[in-house]
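> Give the three-dimensional model of this entry:
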Amino acid sequence: MNSKRVDVAFVVVLCIVCASAGPAMGQACDWLRGDGIPGVDNPVYAATTWDPDAAGPEPELLVVGGYFSLAGDVVANSIATWDGSRWSPLGSGINGGVRALAVYNGELIAGGSFTTAGGATCNRIAPWDGASWQPLGTGLTGGSSPDVVRALAALPNGDLVAGGAFTKAGAVACNRIARWDGEVWSSFGTGMSAHVFALATLPGDDVIAGGAFRTAGGQVSYFFAHWGCEVCPGDLNCDGVVSFDDINPFVLALSNWTEWRFTYTGCPERNADINGDGQYGGLNGFGDINPFVELLAGSGGYPIPCP
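Below is the predicted model of the structure:
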């Protein structure tokens with residue numbers, strides 16, 4: 001065979017391969033019109049993923065919330081799930097807009113401008129447990145904006161944080177930011193001077209908030225603020241020292257963690273973590289008993305100042 005003809009043939013084949021491979025190697029990405037998902041009929045303001053049965057066989061769902069009434073051809077008032085092939089409503093939905101979504105203790109949490117969810121009274125915030133909507137206490141109220149809840153975040157310690165335009169959480173005055181511990185609402189100090197639009201969490205249960213505010217906790221803080229705690233293990237009454245006066249608060253933290261948190265609102269919870277194992281309060285705090293006793297015994301009866 002003529003070697004020149006083979007060389008020409010090889011060059012032609014090589015050109016064809018390169019021409020066909022080139023676009024694939026440099027393939028461009030683009031928006032896929034909802035990834036092939038039929039859309040909703042009005043704006044979406046929040047989206048998250050949620051697994052209804054955690055490690056069970058059911059697939060993880062995409063959840064969207066907003067001001068729509070249809071998802072594809074399905075009636076879905078302000079909130080809907082997509083399982084990869086079809087839209088589904090969550091009960092009868094919500095009677096107002098959804099502005100924020102989060103997953104908390106395995107439940108899907110929605111926040112926004114609504115006052116009922118699935119027919120139940122749920123002031124601006126509600127969890128979906130997989131079967132029905134429920135209130136979180138008496139919810140979040142007050143504020144000048146109809147979109148009372150604008151942001152949600154779950155803390156590592158198990159609390160849920162809500163931010164928005166509200167001024168009251170349950171029966172507690174909470175200016176635009178509040179936390180739910182599973183039983184009661186509580187404040188973050190004196191809160192913010194104006195709306196909170198975004199939340200993020202950091203290790204140690206610190207919280208980052210962004211919004212329209214110019215002060216946080218009475219301090220100048222333009223549009224961005226960081227909530228954190230200076231920890232003093234053993235100072236269970238938050239008087240700035242570890243002393244015998246902390247014995248009763250320590251016993252209360254062991255016997256009734258919720259009551260301790262209510263009585264000493266604003267006191268860093270990690271002050272109860274005497275042995276530094278990340279477990280504290282209630283039954284989780286029994287490992288802190290001996291370290292607490294040793295801390296007081298080593299003080300010689302004198303108060304130990306916090307750092």
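> what about the strands in the stretch 1-150 of the chain?
Ranges of strands in the stretch 1-150 of the chain, per DSSP state E, counting those that start in this stretch, are 44-50, 61-66, 70-71, 74-75, 79-82, 87-89, 98-104, 107-112, 116-117, 120-121, 125-128, 140-141, 149-154.
> Using TSV, lay out those together with mean neighbour count, mean pLDDT and distance to residue 230.
Quick note: C-beta positions are derived from backbone N, CA and C, even for glycine. Shown next, in TSV, are those (neighbours: other C-beta atoms under 10 Å; pLDDT from 0 to 100; distance: least, C-beta to C-beta, whole Å):
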stretch	mean neighbour count	mean pLDDT	distance to residue 230
strand 44-50	17	96	32
strand 61-66	21	96	37
strand 70-71	22	95	47
strand 74-75	12	95	51
strand 79-82	24	96	40
strand 87-89	17	96	46
strand 98-104	23	96	27
strand 107-112	26	96	30
strand 116-117	24	96	38
strand 120-121	12	94	39
strand 125-128	26	97	30
strand 140-141	21	94	28
strand 149-154	24	96	22
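> Tell me which of the ones you listed sits nearest to residue 211.
strand 149-154 (7.8 Å; C-beta to C-beta).
> Which residues does the closest one contact?
Contact with strand 149-154 is made by 99-104, 109, 111-113, 124-125, 140, 160-166, 195-201, 207, 209, 211, as judged by C-beta atoms under 8 Å, 6 or more residues apart in numbering.
> can you tell me how far residue 168 sits from residue 305?
Taking C-beta to C-beta, to the nearest Å as the measure, residue 168 falls 37 Å from residue 305.
> the more surrounded of those two?
Shown here are residue 168 and residue 305; by other C-beta atoms under 10 Å, residue 168 has more neighbours (20 against 11).
> Show the low-confidence segments of the chain, by residue range.
1-27, 32-36, 204 (pLDDT under 70).
> So residue 164 sits against residue 195, correct?
Yes - counting by C-beta atoms under 8 Å, residue 164 does reach residue 195; the two are 6.4 Å apart.
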